[in-house]
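Enquirer: Provided below are the primary sequence and the corresponding predicted coordinates.
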Amino acid sequence: MREAIGGTWIFQIVIAFILLFTAFMCLSINRSKAFNVKDKIIQSIQTHNGFEIGSMADDSGSDKSAINEIVEYLSESAYRTVGKCPDSSYTGYTRDGKPSDSNAAFCITKINSSQTIMNNSCGGGSNCINDELPVMAYYRVVVFYQLDLPIFNTLFKFQLAGDTKLILGGEL
């Protein structure tokens, strides 16, 4: 009887370690996919020298804008995670390139850094010269990944954010 109980405990410990290892592998694979998607989105925005927030993907595929390039990459990748954008300043997009804040595959916001630099250096006063600084902005991209175990389904959702380089020119 003692050997049967000892064997049961060892079996439960082995099952627990297998579940922990599986959870770690699922999390690391999903995070790796999210990093690749975030990097590709940032690369597309930087290549096209910006991103028109609120734009939609063109179905014809002839236009090689940033949103069309991102949608094309998402259709080829195994990235399927969706989430809710962090706040109202973000614009969320589905895998098809349509704006959706609640069921978004990725979220983007434009941060105008020349206005921030001017306010910090001038103290927000009106005696600053606005023409000295070029128009600069950067984009913050948020993608999602999750702990998704085969038996238990989605347990936790996480966000992964990244910023582009400063992009000169364009409208604020």
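Expert: Now that the structure is in, tell me what you want to look at.

Enquirer: From here on, just use CA atoms for contacts and neighbour counts.
Expert: OK.

Enquirer: Just want the most central residue of the protein.
Expert: Geometric centre of the chain, nearest residue: V143, 1.9 Å, by Cα atoms, centre = their mean.

Enquirer: if we look at stretch 71-81, which residues are touching it?
Expert: Stretch 71-81 is contacted from outside by 33-34, 37, 40, 57, 95-97, 105, 144-146, using Cα atoms under 8 Å, 6 or more residues apart in numbering.

Enquirer: any idea which helix or strand carries the residue nearest to the centre of the chain?
Expert: With secondary structure defined by DSSP states H and E, V143 is part of strand 136-149.

Enquirer: which other helices and strands contact that strand?
Expert: Judged by 3 or more Cα pairs under 8 Å, 6 or more residues apart in numbering; DSSP states H and E, strand 136-149 is in contact with helix 2-47, strand 106-112, helix 113-122, strand 153-163, strand 167-168.

Enquirer: by contact count, what packs against the shortest one?
Expert: Just to be clear, that refers to strand 167-168. strand 136-149.

Enquirer: export the strand it packs on as PDB, just CAs?
Expert: Output of strand 136-149 as PDB, limited to C-alpha atoms (Å, rounded to 0.1, in the frame of the first residue of the first chain):
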ATOM      1  CA  MET A 136       8.900  65.400 -35.200                       C
ATOM      2  CA  ALA A 137       6.800  62.500 -34.000                       C
ATOM      3  CA  TYR A 138       7.200  58.900 -33.100                       C
ATOM      4  CA  TYR A 139       4.700  56.100 -32.900                       C
ATOM      5  CA  ARG A 140       4.000  53.700 -30.100                       C
ATOM      6  CA  VAL A 141       2.800  50.200 -31.100                       C
ATOM      7  CA  VAL A 142       1.100  47.800 -28.700                       C
ATOM      8  CA  VAL A 143       0.600  44.100 -29.600                       C
ATOM      9  CA  PHE A 144      -0.800  41.300 -27.400                       C
ATOM     10  CA  TYR A 145       0.200  37.800 -26.400                       C
ATOM     11  CA  GLN A 146      -1.300  35.300 -24.000                       C
ATOM     12  CA  LEU A 147      -0.700  32.300 -21.800                       C
ATOM     13  CA  ASP A 148      -2.700  29.800 -23.800                       C
ATOM     14  CA  LEU A 149      -2.600  26.200 -22.500                       C
END
